[in-house]
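Participant: I would like to see how this sequence folds:
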Amino acid sequence: MNLPANAPRHIDAIVIGTSAGGLEALSVLVSGLEAGFRLPLLVVQHVPPSGPTQLAEIFQRKTGLRVKEADEKEPIEAGTLYFAPPGYHLLVEQDRTLSLSQDEPVHFSRPSIDVLFESAADAWGSALAGVLLTGANEDGAAGLEAIHLAGGLTVVQDPDEAEIDTMPRAALQRFTPDHVLPLRRIAQLLRSLE
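Facilitator: Got it, this is the predicted structure:
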């Protein structure tokens, strides 16, 4: 059963999904998070499947959080921003460790937002917050709905503000999230979840 959008919630983790336009959007969200922020953040940013990315290095300069690319069987730690590595789905196991998979792409994407969101919803249930940002396909809409059905907090970037509105609109066509907000309001909301 879902709580009303304005009800207080206990959140243990945040998952974020984005694609085209995501680097700028993520920069707004994490720039205000300091080293004392207690929640882990797990991010799927669609990237080309081969070759290293510099996402961890780029975002380490933008936030006080520890930032890293996720590793297989790694325990999830508070105050850490994890990025899915290129060419791998990022999943959360029931014991709240990370898992990497090279299963088939979902919505032509590996890493897939849906895969992360659905596995995280299974692991955390109502103690999970999911955020879906700008992007050019429908990846993430079903996963965010899974978080909603598990009783978690669901947030969609305002499609009118998104660089590419396909991803936020796909979510809004599936269900009514708790919040539809511009980026700066999402950043404020994330800071309030601690």
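
Participant: So which elements touch the helix or strand of the chain with the lowest mean pLDDT?
Facilitator: Taking mean pLDDT, DSSP states H and E as the measure, the chain has helix 55-60 as its least confident helix or strand, at a mean of 92. Applying 3 or more Cβ pairs under 8 Å, 6 or more residues apart in numbering; DSSP states H and E, we find helix 55-60 packed against helix 22-30, strand 66-69, strand 80-83. Quick note: C-beta positions are derived from backbone N, CA and C, even for glycine.

Participant: buried residues in it?
Facilitator: 55-56, 59 (16 or more other Cβ atoms under 10 Å).

Participant: what does stretch 165-173 give?
Facilitator: Quick answer for stretch 165-173 (16+ other Cβ under 10 Å): 165-168, 170-172.

Participant: that older thread, going by distance to residue 107, which of the buried residues of helix 55-60 wins?
Facilitator: residue 55 (19.8 Å; Cβ to Cβ).

Participant: follow-up on the earlier one: for the buried residues of helix 55-60, which one is nearest residue 103?
Facilitator: Checking these against residue 103 with Cβ to Cβ, the nearest one is residue 55 at 21.4 Å.

Participant: Against residue 33, how distant is the closest residue to the closest one other than its chain neighbours?
Facilitator: Take residue 55 and drop its neighbours on the chain: the residue closest to it by Cβ to Cβ, 6 or more residues apart in numbering is residue 83, 4.6 Å away. Between residue 83 and residue 33 the distance is 15 Å, computed by Cβ to Cβ, to the nearest Å.

Participant: and those two? which has more neighbours close in?
Facilitator: Per other Cβ atoms under 10 Å, whichever of residue 83 and residue 33 has more neighbours is residue 83, with 24 against 21.

Participant: wait, the more buried one sits on residue 52?
Facilitator: No: here residue 83 does not reach residue 52: they are 11.2 Å apart, not a contact under Cβ atoms under 8 Å.
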